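Q: Sequence and computational prediction follow.
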2 protein chains.
Amino acid sequence: MKRRIYLKMQELGVAQDLLCRRYDPGDLVGEEEIPSRNAAARVTSRPVFARISSPGFHSAAMDGFAVVAQSTFSARDDSPVSLKIGQEAVPVNTGFPLPEGMNAVVMIEHCLIDKDEKYVLLRSPVFPWQNVRKVGEDIVATELVFPSNHLIAPYDVGALLASGNPTVRVWKRPIVRIIPTGSELISIDDGLPEKLEPGKIPESNSAVLAALCQASGAEAMVDPIVADEPEAIEGAVREAISSDAHVVLINAGSSAGSADYTVSIIEKLGEVLVHGITIMPGKPTIVGIVSGKPVIGIPGYPVSAIIAFEQIVAPLLHKLQGKERPLPVTVRARLTKSLPSRAGIEEFRRVVAGKVGESVVASPIKKGAGSISTITKANAILRIPLASEGLEEGAEVELELIRPWQSLEKTLICTGSHDLSLDIIADFLKRKSPAMEMASTHVGSLGGIHAVAKRLCHVAGTHLLNPDDGSYNVSYVKKYIDKPALLINLVYRQQGLMVRKGNPLSINSIADLTREDVTFVNRQLGSGTRVLLDYELSKLGISPEQIRGYDNEEYTHMAVAVSILSGKADAGLGILSAAKALGLDFIPVVEERYDLLVLKELLEQPPVRMLLECIEEEQFKETVEGLGGYDTRDTGKVMYEHE
Amino acid sequence: MKRRIYLKMQELGVAQDLLCRRYDPGDLVGEEEIPSRNAAARVTSRPVFARISSPGFHSAAMDGFAVVAQSTFSARDDSPVSLKIGQEAVPVNTGFPLPEGMNAVVMIEHCLIDKDEKYVLLRSPVFPWQNVRKVGEDIVATELVFPSNHLIAPYDVGALLASGNPTVRVWKRPIVRIIPTGSELISIDDGLPEKLEPGKIPESNSAVLAALCQASGAEAMVDPIVADEPEAIEGAVREAISSDAHVVLINAGSSAGSADYTVSIIEKLGEVLVHGITIMPGKPTIVGIVSGKPVIGIPGYPVSAIIAFEQIVAPLLHKLQGKERPLPVTVRARLTKSLPSRAGIEEFRRVVAGKVGESVVASPIKKGAGSISTITKANAILRIPLASEGLEEGAEVELELIRPWQSLEKTLICTGSHDLSLDIIADFLKRKSPAMEMASTHVGSLGGIHAVAKRLCHVAGTHLLNPDDGSYNVSYVKKYIDKPALLINLVYRQQGLMVRKGNPLSINSIADLTREDVTFVNRQLGSGTRVLLDYELSKLGISPEQIRGYDNEEYTHMAVAVSILSGKADAGLGILSAAKALGLDFIPVVEERYDLLVLKELLEQPPVRMLLECIEEEQFKETVEGLGGYDTRDTGKVMYEHE
């Protein structure tokens, strides 16, 4: 089993330079002449000079009468000048050429016309060239309209045409050939098969890379999927290099595994400049040159592929087009939790940021570069520099936004315990306002109460039972919150035991969890479900040691359900909707109260206001009840007011 | 001559609301199902749910060997566990499915393989599910992937495909029909005619509007030019309304002039919501509804058309697509000169902004909405609110950027006297770095020296003669600059008399300017050319009163040349290149020195450094000498060091 190592590992800046400094604007792509009408977002390959002046003649800058200014000099309030319409005063609209010999325009508002419409009376003079746009006032023939390497804005199209340039020479768009490789991949472009063959996954990176190419102004050509065979991949690369494409991306096979052929193929056909970059995600990126064309090995994990593209390919595509990359919009934020990091690696952590009170908070998403959702659920990237060993909770950091800035003000930061009705809220919020986003992180009920106290979220979902009196949430709020706050009911819900379909082990009660043949999966300490379980166990006099798997902890209902579906565990405590979503059986155990906790000072923030409006709606309540296992009799009701 | 007035004038916010609140996302346009691959930048019309889980099977998260975790529990450094390859330990690469029954992956780095490659030796245990991506770790079947009205980012395409959605339902792109009207307009799409008919101008607004539509995610259909005839325009509007188009723009004819038919046509066919908006440019905008479709009367002046589109049409197009408009990027800046403004009108002033030292300065461009160059030369917009009566020089203002943010750091703010070699510099700077912009404003040599003193520019061009000793610039710098600075020579140039081609009045010397039949056009007080003229006049003993037109002032060489070309004046003092550009004759009078003044503290700012590099280049000097009338013997040389 042969294994390569990264022989040409580089830091990001070095890797970028090694590639980009080889090329000047227009290299590889060359120029083309296109209609100016279609030139927005393109870049001039040569300076553009005006072929005509604009205006090309003296023209009226106002609606009114064109006159010879000198003939109006004696006009006074008490002795108006009278000019014959059509001869001494010619009606003109804005933009009309001045009649030969005339050199001023009297605004229509200053003209008195006799009732026969033969004469116009003026009570004050105009000076020469008043209300006249002179030849070349805007653009003078021969002047430089745009220099070379100018990014043509939509407005600029107007200047091109007004200066007599029906066409313009621009750098061609780079063509990027994308080669998806991997025997595990199938295309679902023609439809999702009834059942995916085991081990097969839908190919999606090529579509993301193509969309990113287009966002960089390049054209993308996506090849059919190539199997993990060195000859097949080499053939595809040779074909791509000899085609019209200017840049070639080989997706996956770029790390150092036994089936990672990309680096040897590039070595064979050309030169490897970089193999491995000290970034995460994106480490197994390859930068090579074959026949003068850049050939980039893009890692296979979706987020790695995106970071590699954004950091290596996008700067190149911009350079070839003579474009500067727009700087990311940045914002300062407080980190909601500590983030350890490895020195020597620059990390690109995806975060969800939102404005809570006057400051922005950033809640990190889990790391897995294999999970596309770690970036699609994010609205910002936190770059942790090479030298850093991590950041503390509450640290002030700079984020690069990947969604519009407004997303910060329209992001509802929700944490605490998870409930599926939160997903319904997310959809209802979006319907009310397209820009509304909801970020849910799940830290359990108690973690949520702490986050509210530190203003690190807008609301937290909580279903904490007080084992002393069977009450919900209030005693915890009294203990931990020192500002005015409200507990607002979201739902009552059934908690129960989730088991595999058909309940093969016949698990019918909490007591059955002590059986030798049953492996349990638990929720984490501090979660409401955990407190509920412990309460039920103590009522039954069962001790945790009697339950196999009591120490297996998961953070969400869905994660518990997945554990059971996957066979890792046989039973877990959770909610009906999670069981239904994955086709598990459900044995109800108890109804519990699930509230939202919110500081009063945040009640007027738009995301909070919209959340509260949303849960009051009948349609919302119906949708939640439709999930099964829910009761909305108190939804939206203030259960406790904390001063 | 019938004249309308604005009967339905509204403030901007009211006008926007009147239009936008009539429509919800998806109204007029409806939805369509498109391949997910093409869905970037589109907006979901329905929530998207996952049809499959991702991963759909337990898969290796590392390259290595899949094992049953339990079989490794006894592995120790001093008593390794040996597993048979192919049976107890199966080689897997990242992403491979785990063989049935196996539940962990040992990283290849932790495996010792015997030389026959039959067994793998493990020195430490792995725990269950270590290095395994479990089913649904990224996306769980049935979960909400995106809510409705979600703007699909390039990354999101990956989540669509990974969740088993080869297609997605999105709002259709709005189709905007653009009707250019005006008998003065000609299309130059098929080429610029040898000679434009008098009074004709190239139609360009429809191309700008179409480009702006596309930037808003809409499709544009541009009609042929319609003459200023009410029947023809009405016909075009009827045809547009009955077509597939969702929004109709009638360009021009929207003000209150005698040939402004738009409002009566909309009134006849439907309803006028707004006629006139209290903004400038853009006042004569009409908002109407015909058969449920928005019909917008867009003013004819190019900048008015752009502002009307950006403020009225763009928000509508975003709303129809369920998109939030990206907020403009803003920046604080100091104003380089006072700006009066009329209360009751919200002004959109175009400015050139650049970073001078640590702060940003904004230099307003002249107002004319008829001049497209007032926006194509700008990199930001300064909005002066309705209630304001103006802003003072040095006032701190907020700008909305219309070019990338980097343009601020890469804008060379140059002021003072104008010289055509500055246009050459602009082009050379662009060639060195595509993002480099140069903003030249012309306030005369003395104005430039004051601007340098107040750090309101990087460099100023100056050619101020000291009439006492015939020296250039130094005495003025000593008098006005109190920080270390350099005077660096740009060029020596010929100043001379510009006259009409063929010199019909036989003007051959300064002395001829006193002739009765000669009208002169002067440069403004404080300009180097003015000082030079006064110096030459005093040498000849001529007094200003002897010269007709001595009080006619223009601010640039080109403006003087235009005055002569247009017949407003017969002669003016200026430089050869300006005369050549407009085909005027030129009678040399004197050679003068033209220097650049720069504060030493700004020498390391990139725009200044690049400027100085640029003027050192041989090619630059050759190009300038090629203009005629220039000598570059001292170009780039420090002429005076001021402490």
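A: Right, received. Where do you want to start? Residues are numbered from 1 along each chain as shown, chains lettered A, B, ... in the order given.

Q: tell me the centre residue of chain A?
A: When C-alpha atoms, centre = their mean is applied to chain A, the residue found nearest the centroid is A:Arg403 (3.6 Å).

Q: Which pLDDT value belongs to that residue?
A: In this prediction, A:Arg403 carries a pLDDT score of 89.

Q: That one contacts A:Asn379, correct?
A: Yes - A:Arg403 lies in contact with A:Asn379 (C-beta atoms under 8 Å); the separation is 4.0 Å. The C-beta positions use only the backbone N, C-alpha and C, and glycine is treated the same way.

Q: what is in contact with those two at once?
A: The contact sets of A:Arg403 and A:Asn379 overlap at A:Glu437 (C-beta atoms under 8 Å, 6 or more residues apart in numbering or on different chains).

Q: Next, count neighbours for A:Glu409.
A: Neighbours of A:Glu409 under the rule other C-beta atoms under 10 Å in any protein chain shown: 15.

Q: Let me know whether A:Tyr119 touches A:Ile113 as I believe.
A: Yes - using C-beta under 8 Å, A:Tyr119 is in contact with A:Ile113, at 7.3 Å.

Q: what touches both of the two?
A: Taking C-beta under 8 Å, 6+ apart as the contact rule, A:Tyr119 and A:Ile113 both touch A:Ile85.

Q: Rounded mean pLDDT for stretch A:119-138, please.
A: 87.

Q: where does the stretch 451-600 of chain A come near chain B, residue by residue?
A: A:558, A:562-563, A:565-566, A:568, A:581-582 (C-beta under 8 Å from any C-beta of the partner chain).

Q: Now the buried members of those.
A: A:558, A:562-563, A:565-566, A:568, A:581-582 (16 or more other C-beta atoms under 10 Å in any protein chain shown).

Q: out of the residues you listed, which are inside helices?
A: Among these, DSSP state H puts A:558, A:562-563, A:565, A:581 in helices.

Q: Contact residues of the stretch 301-450 of chain A facing chain B?
A: Near chain B, when you scan the stretch 301-450 of chain A using C-beta under 8 Å from any C-beta, you find A:301-302, A:306, A:322-324, A:326-327, A:329, A:368, A:370-373, A:375-376, A:402-406, A:410, A:423, A:426-427, A:429-431, A:434-435.

Q: One more pass at 7 Å, please.
A: A:302, A:306, A:322-324, A:326-327, A:329, A:368, A:370-373, A:375-376, A:404-406, A:423, A:426-427, A:430-431, A:434-435 (C-beta under 7 Å from any C-beta of the partner chain).

Q: What is the lowest-mean-pLDDT helix or strand in chain A packed up against?
A: Least confident helix or strand, chain A: strand A:437-440 with a mean of 81, by mean pLDDT, DSSP states H and E. Where contact means 3 or more C-beta pairs under 7 Å, 6 or more residues apart in numbering or on different chains; DSSP states H and E, strand A:437-440 is packed against strand A:411-416, helix A:421-432.

Q: Pick out the shakiest of the ones you listed, pLDDT-wise.
A: It's helix A:421-432: among the helices and strands packed on strand A:437-440, that one has the lowest mean pLDDT, namely a mean of 85.

Q: quick one on the thing from earlier: what two of the ones in helices among the buried ones among the residues of the stretch 451-600 of chain A next to chain B have the greatest distance between them?
A: The span of these, defined through C-beta to C-beta, is set by A:Ser563 and A:Ala581 at 13.8 Å.

Q: what stretches of chain A score poorly on pLDDT?
A: A:1-5, A:253-259, A:434-435 (pLDDT under 70).

Q: Need the residues that contact the least confident helix or strand of chain A.
A: A:352, A:354, A:363, A:379, A:407, A:410-414, A:418, A:422, A:425-426, A:429 (C-beta atoms under 7 Å, 6 or more residues apart in numbering or on different chains).

Q: swap the cut-off to 8 Å and go again
A: Residues outside strand A:437-440 that contact it (C-beta under 8 Å, 6+ apart): A:352, A:354, A:363, A:377, A:379, A:403, A:407, A:410-415, A:418, A:422, A:425-426, A:429-430, A:607.

Q: Show the subsequent helix or strand relative to it.
A: helix A:444-453 (DSSP states H and E).

Q: Run through who's touching that following helix.
A: Outside helix A:444-453, the residues within contact range by C-beta under 8 Å, 6+ apart are A:336, A:415-417, A:443, A:457, A:459-464, A:473, A:476-477, A:480-483, A:485, A:523-528, A:530-531, A:555, A:597-599.

Q: State the three-state secondary structure for the closest residue to A:Arg334 other than its chain neighbours.
A: With C-beta to C-beta, 6 or more residues apart in numbering or on different chains as the criterion, A:Arg334 has its nearest non-adjacent residue at 5.2 Å, and that residue is A:Val361. On the three-state scheme (DSSP: H, G, I helix; E, B strand; the rest coil), A:Val361 is labelled strand.

Q: doesn't A:Ala227 make contact with A:Tyr261?
A: No - applying C-beta under 8 Å, one finds A:Tyr261 not in contact with A:Ala227, separated by 11.0 Å.

Q: Please say which of those two ends up with more neighbours.
A: A:Tyr261 (23 against 12).

Q: Tell me the spacing between the residue lying closest to the more buried one once chain neighbours are set aside and chain B.
A: Distance criterion C-beta to C-beta, 6+ apart; nearest residue to A:Tyr261, sequence neighbours excluded, is A:Pro230 at 4.4 Å. For A:Pro230, the distance to chain B (C-beta to the nearest C-beta, to the nearest Å) stands at 14 Å.
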